[in-house]
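**Q** pasting a predicted model and its sequence here:
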Amino acid sequence: AQSVTQLGSHVSVSEGALVLLRCNYSSSVPPYLFWYVQYPNQGLQLLLKYTSAATLVKGINGFEAEFKKSETSFHLTKPSAHMSDAAEYFCAVSPKSSGDKLTFGTGTRLAVRP
Amino acid sequence: NAGVTQTPKFRVLKTGQSMTLLCAQDMNHEYMYWYRQDPGMGLRLIHYSVGEGTTAKGEVPDGYNVSRLKKQNFLLGLESAAPSQTSVYFCASSYSPRGRISGANVLTFGAGSRLTVL
């Protein structure tokens, strides 16, 4: 069975600082990988996804993630945090040909300090 | 352009009561899903559907039933609510061309339904 592990349930950064949210996956073959963001009292929305076309994936709002097979990682980064980035971030994995059944990580809540 | 709409947004039940959560999507998506979100556990798949008239179990199906009588609607039912079912429930849908199971399609989520069972 596939799974993802998000290290750090809470991350706090200063406005303008680098954002790094960690995600490691467990799968016998490289799966599809996603990052979703959840703003307070809202549903989840897609930030970016990896589908094996390119290892460095750019998403919305200046976020990007790099797929590293050797490290089974898909960490999310943003060079400069903005107050509006405060939200909960979920890494998710989907096996190829799964019918889009995502398995989510436990989430990382990002706080941005002024 | 409504996307995915969930009703009700909030509900309080007593143990043993029944209820149905309704999910409606207007994007002509084939696949629909029900997830529950609990603190520290992320989202867990309850049931899903790959098309009208079909349903399948997810990771945590016990205590729930679903129906997909119309393509645009996916109902989640609790026959006898328990306190352990206190959670936020999210419906989602995705588009997958008929005959092609991808795994890479993006899910569109509803805003959630917060259920409290006393």
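**A** Thanks, I have the structure now. Not measured: the values here are computed from a predicted model.

**Q** the most centrally placed residue in chain B: which element?
**A** Residue closest to the mean C-alpha point of chain B, counted by C-alpha atoms, centre = their mean, is B:W34 at 2.3 Å. Using DSSP states H and E, the element containing B:W34 is strand B:31-38.

**Q** also B:K70?
**A** Applying DSSP H and E, one finds B:K70 in no helix or strand.

**Q** residues in contact with it?
**A** Residues near B:K70 by C-beta atoms under 8 Å, 6 or more residues apart in numbering or on different chains: B:E52. No exception for glycine: its C-beta is placed from N, CA and C like everyone else's.

**Q** remind me which residues of the chain are low pLDDT?
**A** Just so you know, I chose chain A. A:96-100 (pLDDT under 70).

**Q** actually, chain B is the one I wanted.
**A** Applying pLDDT under 70 to chain B picks out residues B:1, B:97-103.

**Q** residues from it in reach of chain A?
**A** Taking C-beta under 8 Å from any C-beta of the partner chain as the contact definition, chain B meets chain A at B:4, B:31, B:33, B:35, B:40-45, B:48, B:50, B:58-59, B:90, B:92, B:94, B:96, B:101-107, B:109-112.

**Q** isn't there a helix covering A:R22?
**A** No. Secondary structure of A:R22 (DSSP: H, G, I helix; E, B strand; the rest coil): strand, not part of a helix.

**Q** measure it to B:Y95 for me?
**A** 30 Å (C-beta to C-beta, to the nearest Å).

**Q** with B:V50 instead?
**A** Distance, B:V50 to B:Y95, by C-beta to C-beta: 12 Å.

**Q** mutual contacts of those two, please.
**A** Both B:V50 and B:Y95 are contacted by B:30-31, under the criterion C-beta under 8 Å, 6+ apart.

**Q** tell me the SS of A:E71?
**A** coil.

**Q** so who does A:P79 touch?
**A** A:18, A:62.

**Q** ok, now how distant is it from A:L18?
**A** For A:P79, the distance to A:L18 (C-beta to C-beta) stands at 6 Å.

**Q** sorry, back to before: test my guess that the residue nearest to the centre of chain B contacts B:G77.
**A** No. At 10.2 Å, B:W34 does not count as touching B:G77 under the criterion of C-beta atoms under 8 Å.

**Q** what about the strands in chain B?
**A** Taking DSSP state E, the strands of chain B run over residues B:4-7, B:10-13, B:19-25, B:31-38, B:42-49, B:56-57, B:65-67, B:73-78, B:87-94, B:108-109, B:113-117.

**Q** ok, residues contacting the fifth one?
**A** Defining contact as C-beta under 8 Å, 6+ apart, one finds that strand B:42-49 is touched by A:44, A:90, A:99, A:101-107, B:31-38, B:55-61, B:64-66, B:68, B:74, B:76, B:89-90.

**Q** can you flag the buried ones in these?
**A** For those, a neighbour count by 16 or more other C-beta atoms under 10 Å in any protein chain shown gives the buried set as A:44, A:90, A:99, A:101-107, B:31-37, B:55, B:58, B:60-61, B:64, B:66, B:68, B:74, B:76, B:89-90.

**Q** chain B contacts on chain A?
**A** A:9, A:31-32, A:34, A:36, A:41-46, A:49, A:51, A:90, A:94-107.

**Q** can you name the residues bridging to the residue nearest to the centre of chain B?
**A** Taking DSSP bridges as the rule, B:W34 bridges to B:H47, B:C91.

**Q** any idea how far A:T51 is from it?
**A** Separation of B:W34 from A:T51 (C-beta to C-beta): 25 Å.

**Q** for chain A, what's its nearest residue on chain B.
**A** Proximity of chain B to chain A (C-beta to the nearest C-beta) peaks at B:F109, 3.3 Å away.
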